[in-house]
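1. Model the following, please.
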Amino acid sequence: TVRSRAWTGKPARFLKTAWTDAWESERSPGTLPMPMQFMLIADALPRISRSGDGELVTFPVGQIVGSMNQVKPAAQVVYDLIEEYVEAMERLNTITDAD
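-> Here you go, the predicted structure:
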C-alpha cells in the first residue's frame, strides 16, 4: 500500500498501482487540496474502472489489507464467518453454564 493524495487531496492509504505511482512521480503536476482533487479526477475514475485496467484501478484500503494473503470465494468467507460464530457461541455457552 501507499499513502497518496491522488483521490481526495488528503493523505489516504491505497493499493499501489500505476495511478498512484503517476501522481507521486516527479513528472506529476502535484495534487490539489480537498475537495478540488476529487473534482479534478471524478470523471476519470468511472472510465478507468470500466477499462478493466488493473494497473490503473485503485481504491482506498485500511491497515487490515496487510494481513490479506489469499483470495477466497465469497461463499467460503461467509462459511468461515458462520463457523467462527458457532465456535464463539459454544465458548460463550461454556462460560455462562459454569456460573
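2. which ones are touching residue 57?
-> 17, 19, 48-49, 51 (Cβ atoms under 8 Å, 6 or more residues apart in numbering). (Glycine included, C-beta is placed from N, CA and C.)
3. swap the cut-off to 7 Å and go again
-> Residue 57 makes contact with 17, 48-49 under the criterion Cβ atoms under 7 Å, 6 or more residues apart in numbering.
4. Show the buried residues in those.
-> Buried residues within the contacts of residue 57, counting neighbours by 16 or more other Cβ atoms under 10 Å: 17, 48.
5. Between the contacts of residue 57, which sits nearest residue 4?
-> Residue 4 lies nearest to residue 17 out of the contacts of residue 57, by Cβ to Cβ, at 9.7 Å.
6. wait, what's in contact with that closest one?
-> Residues counted as contacts of residue 17 (Cβ under 7 Å, 6+ apart) are 55-58.
7. Which one (most neighbours) among those?
-> Highest neighbour count within those, by other Cβ atoms under 10 Å: residue 58, with 23 neighbours.
8. where's it relative to residue 87, distance?
-> Note on residue 58: its distance to residue 87, by Cβ to Cβ, to the nearest Å, is 36 Å.
9. how much space between residue 20 and residue 68?
-> Using Cβ to Cβ, residue 20 is found at 18 Å from residue 68.
10. Neighbour count: these two, which is higher?
-> Neighbour comparison, residue 20 and residue 68: the larger count goes to residue 20, with 20 against 9 (by other Cβ under 10 Å).
11. Excluding sequence neighbours, find me the nearest residue to the more buried one.
-> Leaving aside its chain neighbours, residue 20 sits nearest to residue 4 (4.7 Å; criterion: Cβ to Cβ, 6 or more residues apart in numbering).
12. Would you mind naming the residues that bridge with that neighbour?
-> On the basis of DSSP bridges, residue 4 is bridged to residue 12.
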